[in-house]
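Asks: From the sequence below, what's the structure:
(2 chains, ligands or ions: 2)
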Amino acid sequence: MTAPLLKVEDLTISLASDGGSLPLVKSLSFEIAAGETLCLVGESGCGKSLTALAIIGLLNRRIMRASGGGIFFEGRDLLSADAEAMRRLRGDRLAMVFQEPMTSLNPVQQVGRQISEVIVEHRGTSEREAEREAVRLLDLVRIPDAARRARDFPHQLSGGMRQRVMIAMALALRPALLIADEPTTALDVTIQAQVLALMDELRREFGTALLLITHDLGVVAEMADRVLVLYAGRAVEEAPVEQLFDQPTHPYTRGLLDAIRQLLKPDIERLAEIPGTVPVPAKLDRGCSFAERCGLAMPICGEKRPVLGPRGSRHSAACWLGHLPVEQPA
Amino acid sequence: MIAYVLGRLLAAIPVLSAVAAFVFLLLSLVPGDPAVVIAGDLATPEQVEAIRRSLALDRPLVERFVTWLGHMLTGDFGNSLFSGIAVSELIVQRIEPTLVLALMTIVIAVTVAVPLGLVSAYHPTGIVARLTMAGAVLGFSLPVFVVAFGLVYVFALGLGWFPVQSYVPLSEGLAGTLHSLVLPAVAVSFLYIALIARVTRAAVLEVLREDYVRTAHAKGLAARLILTRHVLRNAAVPVITIIGIGFAALLGGVVVTETVFSIPGLGRLTADSILRRDYPVVQALILLFSTVYVAVNLAVDIAYVLVDPRIRY
Ligand SMILES: Nc1ncnc2c1ncn2[C@@H]1O[C@H](COP(=O)(O)OP(=O)(O)O)[C@@H](O)[C@H]1O
Ligand SMILES: [Mg+2]
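Replies: Ligands and ions are numbered 1, 2, ... in the order given. Have a look, this model is predicted:
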């Protein structure tokens, strides 16, 4: 197998505070192959957005610190790349679509211009040529009457159209990797599927890999090749999408899946929610972070942290169930 | 847009009418006999009587107001009680230095303050930010005459680069005029640099937190482009407001500077006329300044519409 497009190795993201640093994402490792879609799932606050921002180099440097083995993208380590090198990659090889289409576009700039300026910046093409390309891209994301719409300001477009503009902007230079952070969460349910399908269609056409962040397992089933489940800043399970849905091994993953399955049955009134809440990040954490909420917790779960271990080919989970501690400690 | 401007101009009529009524009543509300007050302690009864007649103070209030308003509307502001010269002519003579000084001051202030505010916000802990904020405190607290005397001492008396005092009118060439106003303009600009830099910094700090700025970074745009094209434009509304207010305040607040630098402008005329109780001139000046405030306000509102497409008119 050739080297993966993206290889995140032992990534830790910490909030720098007065008395030291508070880890919010801990020892996270994963890979994405060229053209592949990896879904990052987990409850709100588990560190999905921070992971995305660390990859694209947009963490708030004043308070957040990314460290660890490295973030290798197309053979180079983004963790140690300088600001100028990162800037050249962003928007070109590496692009991102954010959650809020209402606020993610510049309100005082025409949308066509917001697309064309990426092209001008990275390709040095003339404004006119870039503008024509922007119209073509707007057409590609099915904005009707693209040439006229290109001169609209964001407030003149609907939420779905704005997010399609964001997608056109992100895919303008056919990046190798697109990061989409809950790209449809803020949209009307009726158009969510439409926008996702469009994004998927285009990224396939362009050969772009996708890191899709979502907490919607319906979206995962639709879009993912592989899934990485995050809990309180750590990876708890990783598997190809069919395996994850067929044989979830981590109790947290099973809880998530049960919740959605019940949602699909109309006769059940209440969701089987996972009891409890995500623990607040603390400097000192012993054992499995999920132990407090886990119905299957054993004494060891509060003592030692389970590491990610194999559960079949390309499937791994961090749980003491079916994985008794042999030698290594927390 | 044209309809909007016309609408705004119409809306200014009640405001200016209220000011006119106030200006008119100013004289009538003076306790005692206005003619005596205007004439001063040393006036003879004949002089008082002359003033009373020239101001038609023997007529009923309403009649006087209507007559006076009619004169105002036709551009007749009466004559100066002091020099006998027509008020409109006095103002025309004095308006040029004040206008040039105000424009020059605001241009200097904006050119210096906006970049300082922008950089201070972008690198909040950097050297530029520290110096700007410290300088702003200084700019706010140093009285104009102190700055003015300091500048005169160094650049006029010491280095001899600029004249100590004296205004060169525009009719003798723009370069000469500008040269003669450098020191006063710089002196007055201190306060406005402080004001505009602080407002710019605050507005930019706010915009920097916006999602679309993160988007601009995600597009890999150069920092300079992000600041000028995306950030500054979005921070423009408060900055334009403060520039507008600053300009209006400048026109009204040049008394000290004009006195220190001996510039024959409106500020000096205002001060002199008040001291001489030259009511017709004072009335006309108040009306003029009010009109300028209204006009600046309108210009600011039009600028809003131009920078932000979401603002509807
Ligand atoms: N700017 C910040 N300051 C302090 N804490 C933050 C900041 N951004 C994120 N966090 C914390 O980091 C954790 C992970 O956040 P995030 O990655 O945004 O979660 P999500 O999985 O919902 O995208 C959360 O507990 C959040 O409170
Ligand atoms: Mg998030």
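
Asks: mind listing what B:Phe65 touches?
Replies: By CB atoms under 8 Å, 6 or more residues apart in numbering or on different chains, the residues touching B:Phe65 are B:Ala21, B:Phe24. To be clear about C-beta, it is placed using only N, CA and C from the backbone, and glycine gets the same treatment.

Asks: I'd assumed it was in a strand, is it?
Replies: No. The assignment for B:Phe65, made by DSSP: H, G, I helix; E, B strand; the rest coil, is helix rather than a strand.

Asks: among the helices and strands of the chain, which has the poorest mean pLDDT?
Replies: Going with chain A. Of all helical and strand segments in chain A, the minimum by mean pLDDT, DSSP states H and E falls on helix A:251-264, at a mean of 82.

Asks: wrong one, chain B
Replies: Per mean pLDDT, DSSP H and E, helix B:34-39 ranks last in chain B, at a mean of 71.

Asks: what comes into contact with the helix or strand that that one is followed by?
Replies: Using DSSP states H and E, the next helix or strand after helix B:34-39 towards the C-terminus is helix B:45-54. The contact list for helix B:45-54 (CB under 8 Å, 6+ apart) reads B:Asp33, B:Ala35, B:Val36, B:Ile38, B:Ala39, B:Ala43, B:Leu57, B:Asp58, B:Asn79, B:Leu81.

Asks: can you put these in JSON lines and add neighbour count and distance to B:Arg224?
Replies: Listed next are the contacts of helix B:45-54 as JSON lines, based on neighbours: other CB atoms under 10 Å in any protein chain shown; distance: CB to CB, whole Å:
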{"residue": "B:Asp33", "neighbour count": "13", "distance to B:Arg224": "67"}
{"residue": "B:Ala35", "neighbour count": "21", "distance to B:Arg224": "66"}
{"residue": "B:Val36", "neighbour count": "16", "distance to B:Arg224": "67"}
{"residue": "B:Ile38", "neighbour count": "23", "distance to B:Arg224": "61"}
{"residue": "B:Ala39", "neighbour count": "21", "distance to B:Arg224": "65"}
{"residue": "B:Ala43", "neighbour count": "15", "distance to B:Arg224": "67"}
{"residue": "B:Leu57", "neighbour count": "16", "distance to B:Arg224": "65"}
{"residue": "B:Asp58", "neighbour count": "10", "distance to B:Arg224": "70"}
{"residue": "B:Asn79", "neighbour count": "18", "distance to B:Arg224": "58"}
{"residue": "B:Leu81", "neighbour count": "20", "distance to B:Arg224": "58"}
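
Asks: farthest-separated two in these?
Replies: Greatest spatial distance in the contacts of helix B:45-54: B:Asp33 and B:Asn79, 20.6 Å, computed using CB to CB.

Asks: Dump the host helix or strand of A:Met199 to PDB, keeping only the CA atoms.
Replies: Assigned by DSSP H and E, A:Met199 belongs to helix A:189-206. C-alpha atoms of helix A:189-206 as PDB (Å, rounded to 0.1, in the frame of the first residue of the first chain):
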ATOM      1  CA  VAL A 189     -33.300  19.000   7.000                       C
ATOM      2  CA  THR A 190     -34.900  18.900   3.600                       C
ATOM      3  CA  ILE A 191     -31.800  20.200   1.800                       C
ATOM      4  CA  GLN A 192     -29.100  18.500   4.000                       C
ATOM      5  CA  ALA A 193     -29.100  15.400   1.900                       C
ATOM      6  CA  GLN A 194     -29.000  17.400  -1.400                       C
ATOM      7  CA  VAL A 195     -26.000  19.500  -0.300                       C
ATOM      8  CA  LEU A 196     -24.100  16.400   1.000                       C
ATOM      9  CA  ALA A 197     -24.800  14.500  -2.200                       C
ATOM     10  CA  LEU A 198     -23.500  17.400  -4.300                       C
ATOM     11  CA  MET A 199     -20.400  17.700  -2.200                       C
ATOM     12  CA  ASP A 200     -19.700  14.000  -2.600                       C
ATOM     13  CA  GLU A 201     -20.400  14.000  -6.300                       C
ATOM     14  CA  LEU A 202     -17.900  16.800  -6.900                       C
ATOM     15  CA  ARG A 203     -15.200  15.500  -4.600                       C
ATOM     16  CA  ARG A 204     -15.400  12.100  -6.400                       C
ATOM     17  CA  GLU A 205     -15.100  13.800  -9.700                       C
ATOM     18  CA  PHE A 206     -12.000  15.800  -8.500                       C
END
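
Asks: hmm, it touching chain B?
Replies: No. Between helix A:189-206 and chain B, judged by CB under 8 Å from any CB of the partner chain, nothing touches; the nearest distance is 15.7 Å.

Asks: tell me which residues of that helix are tucked away?
Replies: Using 16 or more other CB atoms under 10 Å in any protein chain shown as the test for burial, helix A:189-206 gives A:Ile191, A:Gln192, A:Val195, A:Leu196, A:Leu198, A:Met199, A:Asp200, A:Leu202, A:Arg203.

Asks: Tabulate those in TSV, adding columns for distance to A:Ala259 and pLDDT.
Replies: What follows is these, written out as TSV (distance: CB to CB, whole Å; pLDDT from 0 to 100):
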residue	distance to A:Ala259	pLDDT
A:Ile191	24	90
A:Gln192	18	91
A:Val195	24	94
A:Leu196	21	94
A:Leu198	28	95
A:Met199	25	96
A:Asp200	25	96
A:Leu202	31	96
A:Arg203	28	95
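
Asks: Which of the residues you listed sits closest to B:Tyr4?
Replies: A:Ile191 (35.6 Å).

Asks: Residues contacting stretch B:188-198, please?
Replies: B:101, B:105-106, B:108-110, B:112-114, B:116-117, B:120, B:132-133, B:135-140, B:142, B:144, B:147, B:239, B:242-243, B:246, B:250, B:254, B:257.

Asks: what about burial for those residues, which qualify?
Replies: Of those, these count as buried by 16+ other CB under 10 Å: B:101, B:105-106, B:108-110, B:112-114, B:116-117, B:120, B:132-133, B:136, B:139, B:142, B:144, B:147, B:239, B:242-243, B:246, B:250, B:254, B:257.

Asks: Residue of the stretch 151-300 of chain B closest to ligand 1, please.
Replies: Relative to ligand 1, the nearest point of the stretch 151-300 of chain B is B:Arg209 (10.6 Å; CB to the nearest ligand atom).

Asks: and that residue, how many neighbours?
Replies: 9 (other CB atoms under 10 Å in any protein chain shown).

Asks: Over to it: give its phi and psi.
Replies: The phi and psi values for B:Arg209, taken as degrees, to the nearest 10, are phi -80, psi -10.

Asks: Also A:Asp92?
Replies: Dihedral angles for A:Asp92 - degrees, to the nearest 10 - are phi -110, psi -70.

Asks: May I have the secondary structure class of the residue lying closest to it once chain neighbours are set aside?
Replies: Leaving out its chain neighbours, the residue that sits closest to A:Asp92 by CB to CB, 6 or more residues apart in numbering or on different chains is A:His122, at 4.5 Å. Secondary structure assignment for A:His122 (three-state DSSP): helix.

Asks: Please name the residues that touch A:His122.
Replies: If a contact means CB under 8 Å, 6+ apart, then A:His122 has A:Arg88, A:Gly91, A:Asp92, A:Leu173, B:Gly220 as its contacts.

Asks: my guess is the first one contacts B:Ala222, does it?
Replies: What that stands for is A:Arg88. No. Shown here, A:Arg88 and B:Ala222 do not form a contact pair, counting by CB atoms under 8 Å, at 9.9 Å.

Asks: which residue does the stretch 151-300 of chain A bring closest to chain B?
Replies: With CB to the nearest CB, the shortest gap between the stretch 151-300 of chain A and chain B falls at A:Phe153, namely 4.5 Å.
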